[in-house]
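**Student:** What would the 3D arrangement of this be:
(chains A and B)
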There are 2 protein chains.
Amino acid sequence: MPTPKKKLPSAAVSRADPKAASVRIPKKLYEARTNDLREALVQLQIDLKPQPYKILLIIAGVAGAGRGDVVNTLSGWLDPRGVETFSFHAQTDDERTRPFLWRFWRSLPPNGRIGIYAGSWYTETLSEEAKNKKDLATLDQDLARIRLFEKALVDSDTLIVKIWLNLDKVTQGRRFKALSADPLTAWRVTEEDRRHHRIYDRLERTALHILKSTHQPGATWTVIDAEDERARNLAIGDLILLRFAEHRTRIARLNTTRVAAKPDPRPKPLRLFGRRRLLGLPLDQDLSAEDYEEKRDKWLGRLNLAVRSAQKAGRSIVFVFEGWDAAGKGGAIRRLTSAIDARDFRVHAVAKPTDEEYSHHYLWRFWRHLPRDGQVTIFDRSWYGRVLVERLEGFCRPDEWRRAFAELNDFEKQLTDHGTIVIKFWMHISREEQLARFRSREVTAYKQHKINAEDWRNRRKWDAYEIAVGDMLALTETATAPWHLIPANNKRYARLQILRTACRQIEAILAT
Amino acid sequence: MPTPKKKLPSAAVSRADPKAASVRIPKKLYEARTNDLREALVQLQIDLKPQPYKILLIIAGVAGAGRGDVVNTLSGWLDPRGVETFSFHAQTDDERTRPFLWRFWRSLPPNGRIGIYAGSWYTETLSEEAKNKKDLATLDQDLARIRLFEKALVDSDTLIVKIWLNLDKVTQGRRFKALSADPLTAWRVTEEDRRHHRIYDRLERTALHILKSTHQPGATWTVIDAEDERARNLAIGDLILLRFAEHRTRIARLNTTRVAAKPDPRPKPLRLFGRRRLLGLPLDQDLSAEDYEEKRDKWLGRLNLAVRSAQKAGRSIVFVFEGWDAAGKGGAIRRLTSAIDARDFRVHAVAKPTDEEYSHHYLWRFWRHLPRDGQVTIFDRSWYGRVLVERLEGFCRPDEWRRAFAELNDFEKQLTDHGTIVIKFWMHISREEQLARFRSREVTAYKQHKINAEDWRNRRKWDAYEIAVGDMLALTETATAPWHLIPANNKRYARLQILRTACRQIEAILAT
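**Tutor:** Now for the predicted structure:
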């Protein structure tokens, strides 16, 4: 039987210094080395703390290789105030009723901290494979999803250190036997462990496939031999230090070429047809109050039916309301929600991020608010702020908002893949109509809170926003989450149009 | 049949101006009044925003009285950026596996904001009663719990406005009939609504009991007649304004008598026997390394069995580690966790609150981290910070930390009532031992991060802390969550003692 030591490492997967991993370390030496390591790791934490990024440590590997022990050892070496450890059980229903990565997004530590994952986004994939439940196509789909997830994190400067603890079949068997013999440690060997031992070879092939498929810059795998515990622990400690040093160099180098974030009053369009689509929209529809009321009631009833059918089908609905200031988002949302049972929807008005949110990936705060299956969430402004206000006001760097188009598409694809119905509106009014509404807000007492100096400032940037909106429409229009442009100079028409469009999209999706 | 208008209001429950509630309001008048109301409500939000408190609006009432409509109307009147609406479905398993109030604690809006509750902590209580599942004793237990919850919020200056929308049986029946007749609105009348209509009289008696039992200062109920929608809406708007005005006056008056938060270098003990218990603890035990290792392994195995038995019984475990700086909490926690499967525990090191946490009740950040049934959470420092560092450093006012003893007992009682095993340690060392450890930390490179100027400052306040710890021991020692004092000058002895104590407490609780 070939030993995995020879088989597992491939060109695609890096390996810690083999000398460090395969030699048995005597206790004295271990203690001396441990002291140095702890010192260096604590210094790492001090250096990490003020940084605008985090470290994720994925501890995966063969059963019996001591994932739990490693987590415990690392927790002992590190300052616990800067570390969080995670492991994942069978999904709760809160988790099951949301996209696969939801639970992992929620678990991410804030910037400046280390997250240690004893179980991770790999665990389930591996364990389902072990149960023979997955065909290769599904597995590869999962791995593609994981790659994108890690890429999004790496692109926002997260360091992901992925460790595969390896143990050959004979040693694994010996270890299980020793543990089982002692009644005090027998609990450590589960039924699942035993099965894994029996299908060792198949699991090894799968593991190698997973490792190769998810080995990417900023999130590389390192195979570490787990036969000698002391050697294993030292190799892990050394690896973390090495990866962190590399990471700092990489970030420093990146920062020399990165264009700083700054306001862009005259943005260059990336695509022209988005803005053309916007400008081509006829805005001045006519609709009498009677006509409106009659049609509204009809569509409200129909929308209610559609939403309830979606619920029955276990689908969640996400509404995205974007549009010019004073385009009537609030009013339209209220008409829409009047068709839905108050227990079934949440309106989430997107505001400035809290400091907790600010120390995470920019999508984290939206993951937080995703609805469960059967529920409706209405976002009053949304993740599109990244390519609108953040782009124009310089709240993020050019490379960040440029990358965002693809990230937003991927984010919405995760929703639609899960079964969520994503309905996106851009409420469009003319410059003149906005001016009239701003003025009316200033003279109507209960509307005055809706208008402030910032609105006037934004209005002066209309041309720039038109370009950003155009790019957004062009680059985030997808088959499963298309943009609906709503002419909104006429409020009644706009509200009706929104009811109608929402209704039709839900009905069409449920019909497929 | 007596009309509820006459029956419901009792001496214990206040009532909005009956003229406003019973008169039918013509549309013109309604619109004029609405404009004024909206203006005033938006002004309320502007005034509320910088305040260190929040408003909770509970919209409860008879089926068909329009709770959903009211929430929609209020959402329309208020600036959505300062409001969150909540409703609660059947519990998710995340919620079911934690104490009853967990989901409600998590839903609370931050300070400066308004939370509107279409469903609330009353909903389930009412609905279970409707299903005839609860006997009066259980109901009264629930109500007592709710009273304490609301009291804790009110004591931290939250304003709770509780509205009971009332509708007599005849009007309710008429309304259901009208809704059912139109296919577009028939969905609004659920099977549950119909049953509630049939048992109207019994539900009314229960409602009155609930209202009376939970009508308390700062969280009063107001019954509002819901027959005329416009009158109902105006009455609610007026009530919110009135309660907020009263609240501001009340807080202003309170603030004139409140003793400001300031450091207290020479605290007066509230109880003497706590400190005596602390000082009476023998500290210098002897334990050889061999003896320790042998006993440790025995107790680790036994602890592992105990934890797994607790898991099987669906019990969660909460460990609280408090103690002097350098008493050895970290090391003890690592020994403890080495007996538990890494997937089953989380260590939560309590740090300075984030700004999100700071805008909540001080217990909110601990509710966030409670384990699910079958899980273990280890708090490295805890909610006892309120009566230790916060008391002595003046991070809260004297009335706040004085009140905290009872609040902490109630908090832990909620845990133990739910089935959680709460194990609390105070790790005790002598002044001399602390000095020796501080010095050793200063010269050991990987320990230097553990010692800073603040530790030396705290050390100078030893006497003050001794008094605060004594009060804590005296006032938060309960039968279900007792304090274990751990002599910790000898690290080995302390670690062993912790394993032993934890084991015995778990075994004893499971045996009952």
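**Student:** Which neighbouring elements make contact with the longest helix anywhere in chain A?
**Tutor:** Using DSSP state H, we find that the single longest helix of chain A is helix A:229-257. Applying 3 or more C-beta pairs under 8 Å, 6 or more residues apart in numbering or on different chains; DSSP states H and E, we find helix A:229-257 packed against helix A:18-22, helix A:27-48, strand A:55-61, helix A:67-77, strand A:159-166, strand A:221-225. Where you see a C-beta, it was placed from the backbone N, CA and C, and this is true even at glycine.
**Student:** Can you mark which positions in it are buried?
**Tutor:** A:229-241, A:243-244, A:247-248 (16 or more other C-beta atoms under 10 Å in any protein chain shown).
**Student:** okay, and for the stretch 1-150 of chain A, where does confidence drop off?
**Tutor:** A:1-23, A:129-134 (pLDDT under 70).
**Student:** my bad, chain A
**Tutor:** In chain A, residues with pLDDT under 70: A:1-23, A:129-134.
**Student:** Enumerate every residue touching the residue nearest the centre of it.
**Tutor:** Chain A has residue A:105 as the residue nearest its centroid, 5.3 Å off, counting by C-alpha atoms, centre = their mean. Under the criterion of C-beta atoms under 8 Å, 6 or more residues apart in numbering or on different chains, the neighbours of residue A:105 are A:363, A:364, A:367.
**Student:** ok, now with 10 Å
**Tutor:** A:98-99, A:149, A:152-153, A:360-361, A:363-364, A:366-368, A:370, A:414 (C-beta atoms under 10 Å, 6 or more residues apart in numbering or on different chains).
**Student:** The residue in the stretch 51-200 of chain A that chain B sits nearest to - nearest residue in space that isn't next to it in sequence?
**Tutor:** When scored by C-beta to the nearest C-beta, the stretch 51-200 of chain A has residue A:184 as its residue closest to chain B, at 2.9 Å. For residue A:184, ignoring the flanking residues on the chain, the nearest one in space by C-beta to C-beta, 6 or more residues apart in numbering or on different chains is residue B:301 at 2.9 Å.
**Student:** Now do the helix or strand where that neighbour lies: distance to the chain's middle.
**Tutor:** In the assignment (DSSP states H and E), residue B:301 maps to helix B:289-312. Mean-position distance between helix B:289-312 and its chain equals 34 Å (C-alpha atoms, centre = their mean, to the nearest Å).
**Student:** what do you get for stretch A:122-129?
**Tutor:** 19 Å.
**Student:** On the three-state scheme, residue A:266 is what?
**Tutor:** coil (DSSP: H, G, I helix; E, B strand; the rest coil).
**Student:** quick one, helices of the stretch 351-500 of chain A?
**Tutor:** Listed in chain order, the helices of the stretch 351-500 of chain A (DSSP state H, counting those that start in this stretch) span residues A:355-358, A:364-367, A:389-393, A:398-418, A:431-443, A:453-460, A:462-475, A:491-511.
**Student:** I'd like to check the angle between the fourth one and helix A:462-475, please.
**Tutor:** Following axes from the mean of the first three to the mean of the last three C-alpha atoms, to 10 degrees, one obtains 40 degrees for the angle between helix A:398-418 and helix A:462-475.
**Student:** separation between residue A:215 and residue A:145?
**Tutor:** 16 Å (C-beta to C-beta, to the nearest Å).
**Student:** can stretch A:420-436 be found next to chain B?
**Tutor:** No. Using C-beta under 10 Å from any C-beta of the partner chain, stretch A:420-436 stays clear of chain B, with a minimum separation of 15.2 Å.
**Student:** buried ones in that stretch?
**Tutor:** Those would be A:420, A:421, A:422, A:423, A:424, A:425, A:426, A:427, A:428, A:429, A:433, A:434, for stretch A:420-436 by 16+ other C-beta under 10 Å.
**Student:** Do I have it right that the second one meets residue A:503?
**Tutor:** The reference is to residue A:421. No. When contacts are counted by C-beta atoms under 10 Å, residue A:421 is not listed as touching residue A:503 (11.4 Å).
**Student:** hey, what's in contact with both of those two?
**Tutor:** A:306, A:307.
**Student:** thinking again about what came up before, could the helices and strands packed on helix A:229-257 be laid out in TSV, adding mean neighbour count?
**Tutor:** Output for the helices and strands packed on helix A:229-257, formatted as TSV (neighbours: other C-beta atoms under 10 Å in any protein chain shown):
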stretch	mean neighbour count
helix A:18-22	16
helix A:27-48	16
strand A:55-61	24
helix A:67-77	21
strand A:159-166	24
strand A:221-225	25
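**Student:** Perfect, I'm done here.
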